[in-house]
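Enquirer: Return atomic coordinates for the entry below.
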Amino acid sequence: MEQNDASTRVGLAIKQDLLSRGINTKMAAEKLGVSPAGVSVYFSGRKFSQKAAEKWARTFDLDKTFLMSGTGRPSNYVTMSLSPEEKKLILALRKRGNKKLSTRSLDAIRLEQSISEINAAVDNLNLLFSLSRPVKR
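Expert: Next up is the predicted model:
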């Protein structure tokens with residue numbers, strides 16, 4: 001039972017560690033060359049074999065000892081808190097792939113996001129306005 005608790009703690013810790021870096025289950029699966037379900041089982045508490053621990057440690061710069069035993073820290077990776085705007089920008093950059101980004105490209109991404117947010121706000125206002133108008137008979 002004790003090992004199960006340790007495995008559960010390891011799973012939750014690595015999930016949180018990867019999420020804090022912006023790596024979700026699907027992305028982790030792609031990097032590892034497995035299905036998302038193959039990643040989820042470890043997040044849920046499956047005990048790491050030595051081979052799996054080595055692969056995860058190498059792929060995500062995790063501590064192999066932590067993966068095997070639950071002692072120590074998942075990684076030495078330091079996370080920063082990001083604003084919602086910064087997170088959106090990072091996601092937009094990832095969608096563009098390996099294309100080099102200039103200041104002009106970053107400005108274009110920000111402009112696209114702003115226009116999208118303005119359009120959504122206008123749609124919401126139009127909906128509210130149409131709902132608040134009295135119906136003429």
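Enquirer: Give me the helices and strands touching the strand or helix carrying Glu117, please.
Expert: If you go by DSSP states H and E, Glu117 is part of helix 103-132. Under the contact criterion of 3 or more Cβ pairs under 8 Å, 6 or more residues apart in numbering; DSSP states H and E, helix 103-132 touches helix 84-95. (C-beta placed from N, C-alpha, C; glycine too.)
Enquirer: coming back round to it: show me what counts as buried in the helix holding Glu117.
Expert: Ile109 (16 or more other Cβ atoms under 10 Å).
Enquirer: Quick one: mean pLDDT for that helix?
Expert: On average, the pLDDT along helix 103-132 is 82.
Enquirer: how far is it from where the chain is centred?
Expert: 24 Å (Cα atoms, centre = their mean, to the nearest Å).
Enquirer: One more: stretch 54-65?
Expert: Relative to its chain's centre, stretch 54-65 lies at 18 Å (Cα atoms, centre = their mean).
Enquirer: which other residues reach it?
Expert: 14, 17-18, 23, 28, 31-32, 42, 48, 53, 67, 71-77 (Cβ atoms under 8 Å, 6 or more residues apart in numbering).
Enquirer: Report the buried residues of that stretch.
Expert: Of all the residues in stretch 54-65, those buried under the rule 16+ other Cβ under 10 Å are Lys55, Trp56, Ala57, Phe60, Leu62, Asp63, Lys64.
Enquirer: Equivalent analysis for stretch 11-31, please.
Expert: Gly11, Ala13, Ile14, Lys15, Asp17, Leu18, Ser20, Ile23, Thr25, Ala28, Ala29.
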